[in-house]
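S.K.: from the sequence below, what's the structure:
(chains A and B)
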Amino acid sequence: GAVVSQHPSWVICKSGTSVKIECRSLDFQATTMFWYRQFPKQSLMLMATSNEGSKATYEQGVEKDKFLINHASLTLSTLTVTSAHPEDSSFYICSAPPGGVVGGYTFGSGTRLTVV
Amino acid sequence: GDSVTQMEGPVTLSEEAFLTINCTYTATGYPSLFWYVQYPGEGLQLLLKATKADDKGSNKGFEATYRKETTSFHLEKGSVQVSDSAVYFCALRSDTGFQKLVFGTGTRLLVSP
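M.R.: Predicted coordinates for the structure are as follows:
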């Protein structure tokens, strides 16, 4: 079945630095990728939707300049957390929508970001 | 807007006990409903789904029935195993607009031997 490979699985960075998270669709083309953030003991909150070849659509309250999303090809979408701060520490997950009527959303394995 | 409400956890059960995790939703139209499971250290996996009223989704012994009259999609399993310990998320996808999923807060299930 469809697989989304997400890297890195965990990362620790210093405050003020930037971190890039990659999601690659394996064996299928993902024209759209959803980026979620999950706080401890809370649900997944949609941050933005990336579309291949066009600008990402951000949810209300999400800082576009802090969370840079790029979807340069049909198999790669990236999320860059710029000038990270401790409050950005979270679990980030990408997801590609179903490819057909019976298809299911495919999720990456997630990235645990810790900013110190 | 669309929303999903799940019972708070953790739910702690002994092996072979009966499981129910409640899920209700608010949405316009006729959304599709999903249960996702997240095992420790892993990403989300689709457990089951239902796309219309009265549909029953089932997988790995888990079941959930789409009840439009009560706007519910409760997850059940007759006999849980230790390996079922995970976080379970109820989610919906609206039949209007784009294809994003709206998640509940998740319910952690802990099964002891």
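S.K.: by contact count, what packs against the lowest-mean-pLDDT helix or strand in chain A?
M.R.: When the helices and strands of chain A are scored by mean pLDDT, DSSP states H and E, strand A:106-107 comes last with a mean of 86. With contacts taken as 3 or more Cβ pairs under 8 Å, 6 or more residues apart in numbering or on different chains; DSSP states H and E, strand A:106-107 sits against strand A:3-7, strand A:90-96. To be clear about C-beta, it is placed using only N, CA and C from the backbone, and glycine gets the same treatment.
S.K.: which strands and helices lie in contact with the first one?
M.R.: Taking 3+ Cβ pairs under 8 Å, 6+ apart as contact, the helices and strands that strand A:3-7 lies on are strand A:19-26, strand A:90-96, strand A:106-107.
S.K.: could you point out which element follows the least confident helix or strand of chain A?
M.R.: Sequence-wise, the next helix or strand downstream of strand A:106-107 (DSSP states H and E) is strand A:111-115.
S.K.: strands paired with the least confident helix or strand of chain A, and their directions?
M.R.: Paired neighbours of strand A:106-107 in the sheet (DSSP bridges): strand A:90-96 (antiparallel).
S.K.: what angle separates the partner strand from strand A:19-26?
M.R.: When axes from the mean of the first three to the mean of the last three Cα atoms, to 10 degrees is applied, the directions of strand A:90-96 and strand A:19-26 differ by 30 degrees.
S.K.: and strand A:90-96, how far out from the chain middle?
M.R.: Strand A:90-96 sits 5 Å away from the centroid of its parent chain (Cα atoms, centre = their mean, to the nearest Å).
S.K.: up against chain B, what does chain A have?
M.R.: Taking Cβ under 8 Å from any Cβ of the partner chain as the criterion, the neighbours of chain B within chain A are A:6, A:32, A:34, A:41-46, A:49, A:93, A:95, A:97-98, A:104-105, A:107-110.
S.K.: buried residues in the lowest-mean-pLDDT helix or strand in chain B?
M.R.: Every helix and strand in chain B was compared by mean pLDDT, DSSP H and E; the lowest is strand B:101-103, with a mean of 89. By neighbour count with 16 or more other Cβ atoms under 10 Å in any protein chain shown, strand B:101-103 contains the buried residues B:101-103.
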